[in-house]
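Q: here is my input, please return the structure:
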Amino acid sequence: HVQLVESGGGSVQSGGSLRLSCVASEYTVADGCVGWFRQAPGKDRYWVAAIYPSGGSTTYADDFVKGRFDISQEKNILYLLMNNLRDEDTAMYYCAAPRRYGICPAANGENYWGQGTQVTVS
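A: Predicted coordinates:
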C-alpha cells in the first residue's frame, strides 16, 4: 500500500533553514504531481508547493513562500528546502500525493498523506 513518510522538521531560529524529505513507497513520484501542505495550530491545512516532475514544473502557493522555499524531487523522494524561515512558517508540514495520477493534490482532495513533520520557528 502507498506510504508517505516525512522527516526533517525541527526547531530553528528565525532566518534559519530546514530541508524536509518525504519518502514515497508504492507510488511513483516522478509520474505524478505531488506537493507539500502545512497546517498551523487551529488553522486549516494549506497547500504550499507542488512539483510535476515529468512536466518539469514547480508551483508555489504565493509570494510568501516563493523565493524562500524550493520543492524538488529525486527518484521517489520529495524535498522541501525552506530558507529564511519566519515565525509564521511554524506548522505541521505534510506531503501529499493524489490518489489519481494526472491531477495535483488539493487540500480537500483525495490524497495519500504522510503523518507530518513539525517545523517550529522562533
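Q: shouldn't residue 78 be in contact with residue 36?
A: Yes: taking C-beta atoms under 8 Å as the definition, residue 78 is a contact partner of residue 36 at 7.4 Å. C-beta coordinates here come from the backbone N, C-alpha and C atoms, glycine included.
Q: which residues do the two both contact?
A: Residues within reach of residue 78 and of residue 36 at once, by C-beta atoms under 8 Å, 6 or more residues apart in numbering, are 22, 71, 95.
Q: could you pull out the strands for this structure?
A: Assigned by DSSP state E, the chain shows strands spanning 3-7, 10-12, 18-25, 34-39, 45-52, 57-60, 69-74, 77-82, 91-98, 111-113, 117-121.
Q: who's the residue most central in space within the chain bridged to?
A: Centroid-nearest residue in the chain: residue 36, 1.9 Å away (criterion: C-alpha atoms, centre = their mean). For residue 36, the beta-bridge partners are residue 49, residue 95 (DSSP bridges).
Q: give the contact list for it.
A: For residue 36, the contact set (C-beta under 8 Å, 6+ apart) comprises 20, 22, 47-50, 71, 78, 80, 93-96.
Q: nearest to residue 60 among those residues?
A: Ranked by distance to residue 60 (C-beta to C-beta), the contacts of residue 36 are led by residue 49 at 4.9 Å.
Q: quick check: that closest one touching residue 60?
A: Yes: using C-beta under 8 Å, residue 49 is in contact with residue 60, at 4.9 Å.
Q: what's the closest of the strands of the chain to residue 104?
A: Nearest of the strands of the chain (C-beta to C-beta): strand 45-52, 5.0 Å.
Q: list the contacts of that closest one.
A: Under C-beta under 8 Å, 6+ apart, the answer for strand 45-52 is 32-39, 57-61, 65, 69, 71-73, 78, 80, 93-94, 104-107.
Q: separation between the residue nearest to residue 57 when sequence neighbours are not counted and residue 42?
A: Using C-beta to C-beta, 6 or more residues apart in numbering and skipping residues adjacent in sequence, the residue nearest residue 57 is residue 51, 7.3 Å away. Here residue 51 is placed at a distance of 28 Å from residue 42 (C-beta to C-beta, to the nearest Å).
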